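Asker: Here's a sequence, model it:
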Amino acid sequence: MCGIVGIVAKSPVNQLLYDGLQLLQHRGQDAAGIATAEGSTFHMHKGLGLVRDVFRTRDMRSLMGNAGVAHCRYPTAGSASSPAEAQPFYVNSPFGIVLGHNGNLTNSEELRAELFEQDKRHVNTNSDSEVLLNVLAHELHAVAKTHTLEPEDIFRAVSQVYRRCQGAYATVSMIAGHGLLAFRDPHGIRPLVVGRHMAPEGTEYMVASESVAMDALGFELVRDVEPGEAIFIDMGGNFHSQICTDSRMKNPCIFEFVYLARPDSVMDGISVYETRLRMGDSLGQKIRRVAPDLHIDVVIPIPDTSRPSALQLATRLNVPYREGFIKNRYIGRTFIMPGQSLRRKSVRQKLNAIGMEFKDKDVLLVDDSIVRGTTSREIVQMARDCGARKVYFASAAPPVRYPNVYGIDMPSRHELLATGRTDEEIAQEIGADAVFYQDLDDLVQDVGAGNQAGIARFDTSCFDGCYITAEVTPEYLAQIETQRHDGETRKQGATVTQLDLNLQRNAS
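Answerer: The predicted structure is shown next:
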């Protein structure tokens with residue numbers, strides 16, 4: 001899960017790109033980068049950390065040009081601690097290309113070998129995004145007949161990218177001297193939207209992971225980028241688009257609506273906020289059905305993502321809704337922190353309990369999901385420390401039992417609390433008196449109720465183990481489980497350093 005932004009405007013875009021990243025900071029907090037295009041010259045700055053920490057005034061002043069792309073990173077492949085893997089990535093041939101990527105390639109190892117053995121291209125990092133960039137570069141080189149590219153040449157190259165690259169990918173890229181290219185994988189697993197702004201000098205265009213970035217920057221949401229579609233906006237602001245594959249189907253990741261996206265976003269025509277309200281209503285109905293005699297004094301959300309669901313659940317159960325935890329907004333999202341020890345340490349720094357809401361009460365805590373259980377266990381203990389009589393825990397999502405291979409950090413089953421455990425055993429593990437999970441059929445119905453965009457089927461693989469793309473086999477899952485575990489990416493990252501391309505400067 002990462003956040004990406006691309007803009008072609010009539011005036012400098014550095015501040016727009018920075019503000020766009022700030023609005024998408026929830027999608028990635030490990031690294032950030034901006035690349036702008038001034039004629040055929042790129043200017044780039046990137047580094048590890050939050051957006052506000054990576055960019056200083058002098059950095060922003062150097063990012064000249066009326067077009068550019070930006071990226072905030074949450075690592076799912078490669079190293080969380082390596083500055084070399086901050087994006088956008090750059091390659092100088094052909095033409096000069098910078099690219100930012102949200103998602104995860106499921107055949108990156110095969111592609112890496114092909115790039116070296118057949119395409120004669122070098123990939124310097126462990127990042128699948130650099131692999132994707134080099135595949136795109138090779139295919140653009142193959143279609144280029146002269147030193148310039150026409151839109152139909154670019155779309156032909158993207159069609160070959162679709163042929164070669166498997167998995168989930170939503171990308172923004174700049175081709176030096178030509179314009180902004182964005183495309184979404186043939187299953188539309190990761191989100192991508194396009195908007196426009198009518199400036200006095202002409203139409204400006206923006207592509208981003210979520211519509212919330214457009215709302216705040218004054219851009220009108222036009223539509224979602226379709227699965228298998230490529231959009232090219234030239235430096236003159238002319239808009240071109242084309243479906244570049246015959247084999248496509250809309251299968252967006254349902255976990256975007258559960259946790260990843262901001263509630264004020266609209267993706268694939270579906271309001272995230274309305275979805276979470278429906279999730280709370282369904283969960284309330286289930287609790288009333290399976291535990292009709294359960295006594296609950298108060299419903300308390302785990303801030304922030306679960307608030308809409310908890311509010312609607314409380315309404316359905318006719319139980320008071322209270323804010324029992326205060327969130328420190330200067331601590332990152334614990335789910336996307338790489339490493340169990342970091343997540344565990346962060347929980348009590350992030351949340352502080354209001355004792356009066358717990359003392360001598362039977363409390364129902366509501367969270368968007370339970371993944372590893374680290375956060376849930378700490379929160380239940382906080383409620384008990386405040387004097388709660390009973391602590392029940394409700395998850396607005398079904399049990400997460402399977403790895404996600406499409407861009408969310410759920411790489412191995414042994415990390416997932418629900419794998420191989422009953423609800424009673426899960427409650428015991430997190431110290432709760434009982435645990436209530438959303439049913440998958442209800443979740444699909446809650447999200448799909450707003451579907452007017454032709455969604456064939458949601459990717460629900462982390463809940464049911466049914467993967468959208470055919471290459472994800474039991475053998476593939478076994479391979480990634482042996483390769484990836486907590487701490488492995490950090491160990492790899494220690495051996496990778498940033499090449500001095502004058503594209504990254506120290507923050508000193």
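Asker: List the residues that contact residue 41.
Answerer: 65, 176 (Cβ atoms under 8 Å, 6 or more residues apart in numbering). C-beta here means a position set from N, CA and C on the backbone, and glycine is covered the same way.
Asker: nope, residue 55 is what I meant
Answerer: Residues near residue 55 by Cβ under 8 Å, 6+ apart: 18, 32, 34, 45.
Asker: Relative to residue 107, which of those is nearest.
Answerer: Nearest to residue 107 among those is residue 32, at 27.3 Å by Cβ to Cβ.
Asker: What residues sit buried inside the helix or strand harbouring that closest one?
Answerer: Secondary structure here is read from DSSP states H and E; on that basis residue 32 sits in strand 31-38. Of the residues in strand 31-38, those buried under the neighbour-count criterion (16 or more other Cβ atoms under 10 Å) are 31, 32, 33, 34, 35, 36, 37.
Asker: How about stretch 316-328?
Answerer: Of the residues in stretch 316-328, those with enough neighbours to count as buried (16+ other Cβ under 10 Å) are 316, 317, 319, 321, 322, 324, 325.
Asker: now stretch 474-483
Answerer: Neighbour-count burial for stretch 474-483, counted by 16+ other Cβ under 10 Å, picks out 476, 477, 480.
Asker: need the strands for the stretch 251-400 of the chain, in chain order.
Answerer: For the stretch 251-400 of the chain, the strands defined by DSSP state E, counting those that start in this stretch occupy 266-267, 270-271, 298-301, 325-327, 351-353, 362-367, 390-395.
Asker: gap between residue 476 and residue 166?
Answerer: Taking Cβ to Cβ, to the nearest Å as the criterion, residue 476 is separated from residue 166 by 10 Å.
Asker: swap that for residue 434, please
Answerer: Distance check for residue 434 against residue 166: by Cβ to Cβ, it reads 41 Å.
Asker: Looking at the strands of the stretch 251-400 of the chain, which is nearest to residue 440?
Answerer: Of all those, it is strand 390-395 that lies closest to residue 440, at 11.8 Å by Cβ to Cβ.
Asker: quick one, that closest one and strand 362-367 angle?
Answerer: Strand 390-395 and strand 362-367 are oriented at 20 degrees to each other (axes from the mean of the first three to the mean of the last three Cα atoms, to 10 degrees).
Asker: what helices or strands is strand 390-395 leaning on?
Answerer: For strand 390-395, the packing partners by 3 or more Cβ pairs under 8 Å, 6 or more residues apart in numbering; DSSP states H and E come out as helix 272-290, strand 362-367, helix 374-385, strand 434-437.
Asker: Would you convert the ones you listed into CSV that also reports mean pLDDT, mean neighbour count and distance to residue 83?
Answerer: As requested, the helices and strands packed on strand 390-395 are arranged in CSV below (pLDDT from 0 to 100; neighbours: other Cβ atoms under 10 Å; distance: least, Cβ to Cβ, whole Å):
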stretch, mean pLDDT, mean neighbour count, distance to residue 83
helix 272-290, 98, 21, 32
strand 362-367, 98, 24, 33
helix 374-385, 95, 21, 27
strand 434-437, 98, 22, 40
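Asker: coming back round to it: now, which of the buried residues of stretch 474-483 sits nearest residue 352?
Answerer: Nearest to residue 352 out of the buried residues of stretch 474-483 is residue 480 (Cβ to Cβ; 36.9 Å).
Asker: pLDDT score for that closest one?
Answerer: What the model reports as pLDDT for residue 480 is 82.
Asker: Kindly reformat the buried residues of strand 31-38 as JSON lines containing pLDDT and distance to residue 354.
Answerer: Putting the buried residues of strand 31-38 into JSON lines (pLDDT from 0 to 100; distance: Cβ to Cβ, whole Å) gives the following:
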{"residue": "31", "pLDDT": "95", "distance to residue 354": "34"}
{"residue": "32", "pLDDT": "97", "distance to residue 354": "33"}
{"residue": "33", "pLDDT": "98", "distance to residue 354": "39"}
{"residue": "34", "pLDDT": "98", "distance to residue 354": "39"}
{"residue": "35", "pLDDT": "98", "distance to residue 354": "44"}
{"residue": "36", "pLDDT": "98", "distance to residue 354": "45"}
{"residue": "37", "pLDDT": "97", "distance to residue 354": "50"}
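Asker: Please, which helix or strand holds residue 98?
Answerer: If you go by DSSP H and E, residue 98 is part of strand 97-105.
Asker: which helices and strands does that strand pack with?
Answerer: Identification of packing neighbours for strand 97-105 by 3+ Cβ pairs under 8 Å, 6+ apart yields strand 3-8, strand 67-73, strand 89-91, helix 128-143, strand 167-175.
Asker: For residue 261, give me its contacts.
Answerer: Under the criterion of Cβ under 8 Å, 6+ apart, the contact partners of residue 261 comprise 191, 210, 267, 272.
Asker: ok now do the second one, which residues does it touch?
Answerer: The contact partners of residue 210, by Cβ under 8 Å, 6+ apart, come to 3, 23, 24, 27, 191, 193, 261, 262, 265, 267.
Asker: Helices of the stretch 301-450 of the chain, residue ranges please.
Answerer: Along the stretch 301-450 of the chain, counting by DSSP state H, counting those that start in this stretch, helices occupy 307-317, 340-350, 374-385, 423-430, 440-448.
Asker: closest to residue 58 out of those?
Answerer: helix 340-350 (30.6 Å).
Asker: So for the closest one, mean pLDDT?
Answerer: Across helix 340-350, the average pLDDT comes to 64.
Asker: Kindly report the same for stretch 191-210.
Answerer: 97.
Asker: Tell me the buried residues in that stretch?
Answerer: By neighbour count, and taking 16+ other Cβ under 10 Å as the criterion, the buried residues in stretch 191-210 are 191-197, 204-210.
Asker: Pull the contacting residues for residue 377.
Answerer: By Cβ under 8 Å, 6+ apart, the contact set of residue 377 is 429, 430, 431.
Asker: Please determine how far the residue nearest to residue 481 when sequence neighbours are not counted is located from residue 403.
Answerer: Counting by Cβ to Cβ, 6 or more residues apart in numbering, residue 481 lies nearest to residue 412, which is 4.2 Å off, once chain neighbours are set aside. The spacing between residue 412 and residue 403, counted by Cβ to Cβ, is 6 Å.
Asker: Please apply the same query to residue 151.
Answerer: Separation of residue 151 from residue 403 (Cβ to Cβ): 38 Å.
Asker: So those two - more neighbours on which side?
Answerer: Just comparing residue 151 and residue 403: by other Cβ atoms under 10 Å the higher neighbour count belongs to residue 403, 26 against 19.
Asker: was I right about the more buried one contacting residue 419?
Answerer: No - look at residue 403 against residue 419 with Cβ atoms under 8 Å: they stay out of range, at 9.5 Å.
Asker: Need the residues touching each of these two.
Answerer: residue 413.
Asker: that older thread, tilt between the strand holding residue 98 and strand 167-175?
Answerer: Our comparison of strand 97-105 with strand 167-175, counting by the same axes, to 10 degrees, yields an angle of 170 degrees.
Asker: Report the set of residues contacting both of residue 412 and residue 403.
Answerer: Listed as contacting both residue 412 and residue 403 by Cβ under 8 Å, 6+ apart are 480, 481.
Asker: For residue 273, list the residues it contacts.
Answerer: Residues near residue 273 by Cβ under 8 Å, 6+ apart: 263, 264, 308.
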